[in-house]
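> Whatever this is, show me its structure:
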Amino acid sequence: MEQAQESAGTGGQDAPGPRDGTDGANGRDGARGKGGGEGRTGTALELLVHGVGGTTPAEMLDDPRTVRVTGDHIAAVFRRTEDADAESRPKDYRGRPVPEAYVWCNLTSGNGTRALWLLLLPFMVVNLAHWMRPTAQGRTRAVRLYGLLVRLVGLTLTVLLVAAACEVALDLVAWQCAGTRACAERHSWLGFLSPQMSDGGWWSTPGRRLALAAVVPAALTGLLWYLSLRTWRAYESQPPTDRESGPEEDPGRTALGRPGFWYGRRLVARLRAAHTAAALLTVAAAVGAPAARFDRGAGGSAPLDTLGWVLETALAAGAVTVVAVVCRRGRSENRLDRELDEHLVRRLPLAALALLVLAVLYGGWARPEWTSAGRLPGDMTFGGITLVQGLLVIALAVVAHVLHRSLPDARVAMRGLGGPAVAMLACALGGVMSGGVSQRVSDWLDGTGTSIDGPPVLLTWQASVIPPLLVVVLLLCAALARHTWRLARAERDAVEGDLAGEAGDPGRTRRIALTRAMATLTDRAPLLVAITSAATLLLGAGALVGALATDRVPGEAARGTYAVVHGAAQTAQALGSWLIGLGFILFVTWGRRAYKDASARRTIGILWDVGTFWPRAAHPFAPPCYAERAVPDLTWRMATWTRATGGRLVISGHSQGSVLAASAAWQLEPSARKRVALLTYGSPLERLYGRWFPAHFGPAALGSLHEEVDCWRNLYRRTDPIGGPMRLPGDSGPAVDRAPLKDPLTYGRTALHPLPAPILGHSDYQADPAFAEERQRLLARLRPEVPAPRHTDRPAPAAPADDGAGDR
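As a prediction, this is how the structure comes out:
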């Protein structure tokens, strides 16, 4: 964030760098003095990592004077100005650590171009579905099939977005409005495309109108390609620590510890080429197919008919090639895959671009008898996309069920079906965005609805199912609200029991109880997602059947039936059109505000903080994975510190920062990992990530992390809607989780707190005395050079044989 840079400026210029044997620029070993630099002083370090939404170095370090010791304007490590040369004064830090703050918020909120990421929301959601795969045991082919199906769903979303742009530019504007005198007169800027207003001008033929309009979806494709390439160079091209899985490591516990997990450069480049080619081929088909259909009819030119067949064959061959590229094995994680399929990355998009140029030339060829009427056959295109998406989601659900049954876990969200459900929601988001744009443009071109036919019938049917879906969601929300109210009433006795002996205040008791009850809504999210996605699948299937069976919009299709049915259909159609248009307007308004307003960008950045943690394994146009920069940053910092000083490092992560901290600890060499203590607070590691991403944050993975670091303590509150206990099995649970912190710190007024203490919930964990107590305990356990004994004979939890996860 901009505020991080401003805070850094408070302390003047950047410090020359930490004197711990690092070069201060990227965390690698720098030149050292005699005997290995400043010596292995054993100075303790506390590395603070903030959570979602970001913060300033001054707030993290509780000092307005801060200085950047390593990093850049995007992500950096800060210290208090007085601690900049702490390594040279080890005596001054006996009994207390050197605090450092890693600030990474600019990775997700940044400048105004982040507003463009709103266009990529469906792509981000489908990428999440890839990482929601259940834990597998001995199911190599099923694991790879799961990844393949999600990548294919992602490909259909690209085709859907570009097809929607073609629907707007080619069908609604160039074909229908420019070909209709009344609509063209209403929009004078289309006069040169109208046969009547331009007196048969050169651009007024249908093929040339379509060829000119193809600039819009082609430009959209170019924008997506550029954004993906730019972020690929900034994020995926950041190499992590160069190491191989050692013999003492068990890579089956979690893939996050594998050397190549946070280096998806090759896969993203390959998928970017395939998706760019798919988008260009979609535009080429939209331009060339109407001309080919005319050439096959009566009066068509035989040579042009032949060229049309050749073009369609080439487009089909290109589509098969794109699907084959997407179906290739996904990620290589057991090593740093530095290779790049340069020929494929360059030639596939160029070949698709060449086909687009040929389609434009073919479609723009003179055909004197060709006129435009009605609408382009969009129902077949959008119907085919919808059908394929539904079948892929159903197949994905079957595979996820098979994987979950191989190693069932009662805590996993939706019994392993979280990935298919989220993929379904991604398809629904894509459909809403596509339908919203088409409906709004149609209304803008022809407000009366009399001069042009409007968007495809299927898009109107899909908009009409939005009101029933909202009714389902509202009923579910009402049921959850009723459950929360009952839970809040039951929680009042527990609050009074926890605060026994203090003066009673019924109003304050109710507020605390309600906060606790509302914090449990997070655990109800799987139910909400399951019902919403199932309703979306069923209603979407009904819309597809209705559109194909009647070829009329719902209001007209219901004409002649019962009055209540006809009225409901008309109401759903009108309300759906209004809602989808409202959603589009809000979407554009939010994006415009985010482009101009830094605070709005930070709000969007919170969404990206959660949604873009994972590498782009399913969709190359998704917002970039910030963890591919943040995790290597933290790993380098911890590795160089432990190597230079002999250890004594506590990495302290709040909220999403605890996920980054755990991921970075997994990336350390085993010897360095044993010299690190982990302090998490308000952490979603088990409550959210463990339930929704069980293959990577399941019980075996978290149990192994507890065994491999020197010590791990976790703090949480019952009023926190995000953080929670780690719930490790056996004796590991109490060893990691402290009892729930008291919130508020005091119930009433005391000598220490004369004013009522606030209910903190997810924030300000450092204000609780338990935080300083646990941090001191962790530092006391750590010793220079040699980690403290663990005092446990319990073996690590058995890790599932997650075959195929390292090379998907």
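> Looks to me like residue 727 is in a helix.
No - if the criterion is DSSP: H, G, I helix; E, B strand; the rest coil, then residue 727 is coil and not within a helix.
> what residues are up against it?
Contacts here follow Cβ atoms under 8 Å, 6 or more residues apart in numbering; on that basis residue 727 touches 411, 686, 690, 699, 733, 737. (C-beta placed from N, C-alpha, C; glycine too.)
> Check which residues of stretch 709-727 are buried.
In terms of neighbour count (16 or more other Cβ atoms under 10 Å), stretch 709-727 has its buried residues at 709-726.
> Most distant residue from the centre of the protein?
Computed with Cα atoms, centre = their mean, the residue of the chain farthest from its C-alpha average is residue 299, at 51.8 Å.
> Can you tell me the closest non-neighbouring residue to it?
Ranked by Cβ to Cβ, 6 or more residues apart in numbering and with sequence neighbours excluded, the top spatial neighbour of residue 299 is residue 369, at 5.5 Å.
> Tell me the secondary structure at the one you found.
Applying three-state DSSP: residue 369 is coil.
> Where does the residue farthest from the centre of the chain fall, secondary structure wise?
Using DSSP states H and E, residue 299 falls within no helix or strand.
> again with the one 10 residues further on
Taking DSSP H and E as the definition, residue 309 sits inside helix 302-327.
> circling back to that earlier point, ok, of the contacts of residue 727, which come out buried?
686, 690, 699, 737.
> Out of these, which sit inside helices?
Cross-referencing the buried ones among the contacts of residue 727 against helices under DSSP state H gives residue 699.
> Quick check: of the buried ones among the contacts of residue 727, which lies closest to residue 139?
residue 699 (18.3 Å; Cβ to Cβ).
> Now for the closest one: which residues touch it?
Listed by Cβ under 8 Å, 6+ apart, the contact partners of residue 699 are 409, 411, 690, 727, 728, 729, 797.
> same deal with residue 465?
Contacts for residue 465 (Cβ under 8 Å, 6+ apart) come out as 539, 540, 542, 543, 572, 576.
> mind checking how far the first one is from residue 464?
For residue 539, the distance to residue 464 equals 9 Å [Cβ to Cβ, to the nearest Å].
> okay, the two: which has more neighbours?
Legend: neighbour count by other Cβ atoms under 10 Å for residue 539 and residue 464, higher for residue 464 (29 against 19).
> What is the nearest of the contacts of residue 727 to residue 117?
Checking those against residue 117 with Cβ to Cβ, the nearest one is residue 690 at 27.0 Å.
> my read: that closest one touches residue 700, true?
No - under the criterion of Cβ atoms under 8 Å, residue 690 makes no contact with residue 700, lying 10.5 Å away.
> tell me the helices in the stretch 601-750 of the chain, going along the chain?
Per DSSP state H, counting those that start in this stretch, the stretch 601-750 of the chain carries helices over the ranges 627-645, 656-667, 670-673, 691-692, 694-697, 699-708, 732-736.
> Columns distance to residue 513 on top of these, output as TSV?
Listed next are those as TSV, based on distance: least, Cβ to Cβ, whole Å:
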stretch	distance to residue 513
helix 627-645	37
helix 656-667	27
helix 670-673	41
helix 691-692	25
helix 694-697	30
helix 699-708	30
helix 732-736	26
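> tell me the contacts of residue 370?
205, 206, 207, 291, 294.
> Likewise for residue 396?
Per Cβ under 8 Å, 6+ apart, neighbours of residue 396: 129, 146, 149, 150, 153, 419, 420, 423.
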